[in-house]
Each structure stands twice: as C-alpha cells, then as structure tokens.
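Enquirer: What shape does this take:
(2 chains)
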Amino acid sequence: KNEVEQSPQNLTAQEGEFITINCSYSVGISALHWLQQHPGGGIVSLFMLSSGKKKHGRLIATINIQEKHSSLHITASHPRDSAVYICAVMNYGGSQGNLIFGKGTKLSVKP
Amino acid sequence: DAGVTQSPTHLIKTRGQHVTLRCSPISGHKSVSWYQQVLGQGPQFIFQYYEKEERGRGNFPDRFSARQFPNYSSELNVNALLLGDSALYLCASSFETSGIDTQYFGPGTRLTVL
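Expert: Model prediction:
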C-alpha cells in the first residue's frame, strides 16, 4: 500500500462544476503539499498545509491531521484547470523530511 | 527573479552511458532536492543536499550520485544507464530543509534511454 493515496485517479468535469480531489496518507507528517503538474512536466506548488484550511482564488485546500486526510477543491472549474494534481507529504521521520508523492489525479475540464 | 532552472531540457542516451543533469536553485535557496518521475507515476525522492552536504537519500542504487557546489547549484549523475532510468528528473529548491519549507520545482529534464 502506498503511503500517499489519491482519489480519483482520473476525473472529467464540465466547465463550472465543483471539483474535489482527495488525499489520504499513512505516515506522520510535518506538512502536506498540493501541486499542479501541466503536460510537459512543470510542477507548481499550490498549497502547503499543516492544519486547517487555505484558500487561493478558486482553490481551497483542507487537512484533517487526526484522520490523515486532505482535500483539494476547485470551485467554478475552467478548462485551464486541466492538469494533474499531486498530493505530497513531508515525512516527519525518514530521510530528512523529503516529499512522498501520491500518483496524482488527472483532471480534465470540458468546455 | 528567476525560478529553478534545469539543463538540459531533453536528453537521449543509450544503455550503459553516463549522464549529468544540472540544476540551479532560486537565488538564496540553500537546499536542492532531486526527484525521478516515471511516466504515469508520482515523483520519487532521490537526494537532498543542503549547504553542499547530502542530507537525505531515497531508495536508489549507487549508480545515482549527486553533489552541490558552493553557489548551491547541483548536479545529478547517473552511471551505467538502464532502460528503466528513462524518466522526468525534477529538481526542487528551498531555503532550508525544515519540514514546513515550500519547495519550488524546476521544469525538469526528460531523459530517454534507448
């Protein structure tokens, strides 16, 4: 079992829909990252969370430390939101706190 | 201010060859981490360097090595290339190594081994 699990693996939505991507992890963490990866490989950091909730524009990220679960929400989705969204955790123990990644959720937003 | 830069962007090698990938962190960042992303998978941690010292190593064979220079730029070296080394190699920089420090990713180097 992977230490970081994301669901769904693939997601197709119509423009304007509300989208939720989930991330569950099994290790102790110091922080959780939500990343966006566009075709071609470039990765952009969207959020870093250690508790509670963060909002940036149409993106909202929440984390529940007790349940070891985080969600990324996109409101009023748009085709330009199409990308792979990756959850990554900063492991509390192990190798100097480096990121453990989920496999990503591929989001496609249709006009 | 420039972001994390990596070179080359694409590279084609044959089995058994050696490759060197380069990364320049954001100005002022002292920590550089390397990740390997095989097609369809999430990235896997290879190395972290901070102040020219190795601070962490993932589960990769000794064919993989890295170093960090006094200007905090870094090189990742892979010897005796295998077909399975074909991947996107990502470099990320951060100011320090703390668990709550945001990492900034470069565009990656896509390595193809034939």
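Enquirer: make it CA atoms for all contacts and neighbour counts henceforth
Expert: OK.
Enquirer: wait, does stretch A:54-69 contact chain B?
Expert: No: Stretch A:54-69 stays clear of chain B (C-alpha under 8 Å from any C-alpha of the partner chain), getting no nearer than 14.6 Å.
Enquirer: So for that stretch, first residue to last residue, what's the gap.
Expert: Using C-alpha to C-alpha, to the nearest Å, the end-to-end distance of stretch A:54-69 comes to 15 Å.
Enquirer: Which residues does it contact?
Expert: For stretch A:54-69, the surrounding residues in contact (C-alpha atoms under 8 Å, 6 or more residues apart in numbering or on different chains) are A:22-26, A:34, A:47, A:49-53, A:70-76.
Enquirer: Filter the residues you listed down to the buried ones, PyMOL style.
Expert: Here is the PyMOL selection string for the buried members of those, based on 16 or more other C-alpha atoms under 10 Å in any protein chain shown:
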select buried, chain A and resi 22+23+24+25+34+47+49+50+53+70+71+72+73+74
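Enquirer: Could you tell me the per-residue confidence at the closest residue to A:Ala61 other than its chain neighbours?
Expert: Closest residue to A:Ala61 apart from its sequence neighbours, by C-alpha to C-alpha, 6 or more residues apart in numbering or on different chains: A:Leu72 at 4.5 Å. With respect to pLDDT, A:Leu72 scores 97.
Enquirer: Quick one: name the residues of chain A near chain B.
Expert: A:30-31, A:41-45, A:48, A:50, A:86, A:90-92, A:95-104.
Enquirer: Could you turn the buried ones of the residues you listed into a PyMOL selection?
Expert: Per 16+ other C-alpha under 10 Å, the buried members of the residues of chain A next to chain B correspond to this PyMOL selection:
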select buried, chain A and resi 30+31+41+43+44+45+48+50+86+90+91+92+95+96+97+98+99+100+101+102+103+104
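Enquirer: Select from the residues of chain A next to chain B every entry located in strands.
Expert: Among the residues of chain A next to chain B, DSSP state E puts A:30-31, A:43-45, A:48, A:86, A:90-91, A:99-101 in strands.
Enquirer: want to try JSON lines for these, with pLDDT as columns?
Expert: Below are those laid out as JSON lines (pLDDT from 0 to 100):
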{"residue": "A:Ser30", "pLDDT": "82"}
{"residue": "A:Ala31", "pLDDT": "87"}
{"residue": "A:Ile43", "pLDDT": "86"}
{"residue": "A:Val44", "pLDDT": "86"}
{"residue": "A:Ser45", "pLDDT": "87"}
{"residue": "A:Met48", "pLDDT": "88"}
{"residue": "A:Ile86", "pLDDT": "95"}
{"residue": "A:Met90", "pLDDT": "83"}
{"residue": "A:Asn91", "pLDDT": "76"}
{"residue": "A:Leu99", "pLDDT": "84"}
{"residue": "A:Ile100", "pLDDT": "88"}
{"residue": "A:Phe101", "pLDDT": "92"}
